[in-house]
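Q: have a look; sequence and predicted model below, questions after that.
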Amino acid sequence: MADEKFLAASAKHPIVAGHAYKYGTAGFRMKADLLDGVSFRVGLLSGLRSRRLNGQAIGVMITASHNPAPDNGVKIVDPMGEMLEQEWEAYATRLVNAPSDQELLDTYKALASQLKINLSDPAKVIVGRDTRPSGHSLVTALADACEATNIQFTDYKILTTPQLHYLTRCINTEGTPKAYGKISEQGYYEKLSEAFVRALRGKKVQGQLIVDGANGVGAPKLNELLKIIPKDVTGFDCKVVNDDVLRPEILNLDAGADFVKTKQRAPPKPQPIPGVRGCSLDGDADRLIYYWVDPESGFFMLDGDRISSLNASFIGDLVRSAGLEDEVRIGVVQTAYANGASTAYIEKHLQLPVVFTPTGVKHLHHAACQFDVGVYFEANGHGTVVFSQEAIRLFREKEPQSPAQKEALEVLAACADLINQTVGDAISDMLMVEVILAHKGWTLKNWATTYTDLPNRLVRVEVGNKDLFQTTDAERRLSHPPGAQDEIDQCVRKYTNARSFARASGTENACRVYAEAATRGEADELANKVAACVQKYGS
Ligand SMILES: CC(=O)N[C@H]1[C@@H](OP(=O)(O)O)O[C@H](CO)[C@@H](O)[C@@H]1O
Ligand SMILES: [Mg+2]
């Protein structure tokens, strides 16, 4: 009977034949019309994962982030709000690619037996989706899988990706000493608003902030939050633009954090007001980029590297003021794409260690958790700051020896509540930046003068077989194909202060080449030479 129910449900949600699905950096992401069967099967896998983890809730987020409106994606969130454990990515790929309903059932049972999962144990799955119209039917497919396999299922409807991560963690920590917050969207707003006020500690945000919502889910959600942030206490004057979620075709169109970072300019609409502080979220509100248009020098962007060093500098100062520099170890995690000037600033000026990991936030998050305070951001604006339980305990329980120490401890404790501990969260990161600028009394221009970026160039190279390119040393060197790295080294040696590397993209069928050098012209030239080398070895 149970098998019949399974097979009948599966028959309603077939995968598209001839397509090889792979759980990648961003889960399964592609054109939405290929995803119905995928979503059903992800429901099955999430139920298995929940059962494997003693019935803890597993999250599923339906979003294609900064991609165009016709795309969508399905991504699994582990109980503490982290990305799905890597080993399970392969199980997801295996289950999703089962060619028929019967083979799907067989694979499902085989996985359960391999992983010693009792299929009658309780399981819980929660789901959220961004504003894409296709999200609705993908939730139905997921719900059908849960219904067919007796999984408790809750649909939280439209959410930002970080809100879904927040809810997953809240559910799994409820009633424990690590309780993360109230299990509701409103609870998320209350936590952020309250922590924002505490972190400001009487300081006021100066000047208006214009937030580009990419016409995605971040816009209405930020507006909800703004309703409860007390403007008189915080001085926070925030205006959300590009907030039209009723016209899906304009989602991420000439707007959003990815547009700003890759095009290196402000969204054309609404026309930027010179001198006014601006920032952009991406389509699911987990990336953040700041910028302003200077009346004299034009557009200036403050990307993830800048947000990272700003956080590290502020938290480093606070930890010293709190007298905790010997107990709380602060570290910064970057990828090879971080501008070399930011790394030098963090290591030499801030005197903090920098660790490098491969691309993809799951790697950065993991490395950041090795510190008491781990700051991690990808250059594209995705990141957060994670605090160890011990650091949080010290902030709350250390007996202050002076009013200055008391203030530092209170601000640190508030920051740990303000910054989303589960995943990069554009809205929470934005409030953190606003707090830091208010404390330092800085404009974006002050922030921008902390260091000067090295000129750099990122090039996408289409090759016959990107899998030929294998890397080592946190993706900074090629181990394969043989000879390629030597040629890259020879190119780099011809320039002063230069750096370049090539790797296969994890999200696109292409290689990426990054180059940095002392001048714009040299960075471009070096990137082109290395790209030609990659082309040669990849064909
Ligand atoms: C250079 C670059 O921006 N790479 C991006 C991109 O990864 P690739 O593996 O380079 O395609 O997408 C990832 C997922 O969104 C993001 O984590 C990463 O930073
Ligand atoms: Mg995103």
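A: Ah, there it is. Ligands and ions are numbered 1, 2, ... in the order given.
Q: walk me through the domains of the protein.
A: 1-158, 185-300, 304-449, 456-538 (the TED database).
Q: of the ones you listed, which is nearest residue 175?
A: domain 1-158 (13.2 Å; C-beta to C-beta). Where C-beta positions appear, they are placed from N, C-alpha and C, glycine not excepted.
Q: I'd like the average pLDDT over the closest one.
A: The average pLDDT for domain 1-158 rounds to 97.
Q: and it, how far out from the chain's middle?
A: 21 Å (C-alpha atoms, centre = their mean, to the nearest Å).
Q: mind telling me what element the residue in the stretch 51-200 of the chain that ligand 2 sits nearest to is part of?
A: Closest approach between the stretch 51-200 of the chain and ligand 2, counting by C-beta to the ion: residue 65, at 3.2 Å. For residue 65, there is no host helix or strand (DSSP states H and E).
Q: what's the burial count for residue 522?
A: As a burial measure, residue 522 scores 19 neighbours (other C-beta atoms under 10 Å).
Q: pretty sure residue 456 is one of the things it touches, is it not?
A: No. Residue 522 is beyond contact range of residue 456, at 10.5 Å (criterion: C-beta atoms under 8 Å).
Q: now the stretch 201-350 of the chain against ligand 1: closest residue?
A: As assessed by C-beta to the nearest ligand atom, ligand 1 sits closest to residue 337 within the stretch 201-350 of the chain, at 5.0 Å.
Q: format the domains of the chain as JSON lines; extra columns: distance to residue 178.
A: Below are the domains of the chain laid out as JSON lines (distance: least, C-beta to C-beta, whole Å):
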{"stretch": "domain 1-158", "distance to residue 178": "9"}
{"stretch": "domain 185-300", "distance to residue 178": "14"}
{"stretch": "domain 304-449", "distance to residue 178": "7"}
{"stretch": "domain 456-538", "distance to residue 178": "31"}
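Q: OK, contacts around residue 318?
A: For residue 318, the contact set (C-beta atoms under 8 Å, 6 or more residues apart in numbering) comprises 408, 411-412, 415.
Q: of the residues you listed, closest to residue 79?
A: residue 415 (24.0 Å).
Q: mind giving me the packing neighbours of the helix or strand hosting residue 521?
A: Residue 521 is located in helix 520-538, with elements delineated by DSSP H and E. Other helices and strands packing on helix 520-538, by 3 or more C-beta pairs under 8 Å, 6 or more residues apart in numbering; DSSP states H and E, are strand 456-461, helix 484-493, strand 499-504, strand 511-516.
Q: does ligand 2 have contacts with stretch 114-131?
A: No. Using C-beta under 5 Å from the ion, we find that stretch 114-131 stays clear of ligand 2, coming within 9.0 Å at best.
Q: how about that stretch: buried residues?
A: 117, 123-131 (16 or more other C-beta atoms under 10 Å).
Q: can I get the residues you listed in a markdown table including secondary structure and distance to ligand 1?
A: As requested, the buried residues of stretch 114-131 are exported to a markdown table (DSSP: H, G, I helix; E, B strand; the rest coil; distance: C-beta to the nearest ligand atom, whole Å):
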| residue | secondary structure | distance to ligand 1 |
| --- | --- | --- |
| 117 | coil | 29 |
| 123 | coil | 28 |
| 124 | strand | 27 |
| 125 | strand | 23 |
| 126 | strand | 22 |
| 127 | strand | 20 |
| 128 | strand | 18 |
| 129 | strand | 18 |
| 130 | coil | 14 |
| 131 | coil | 18 |
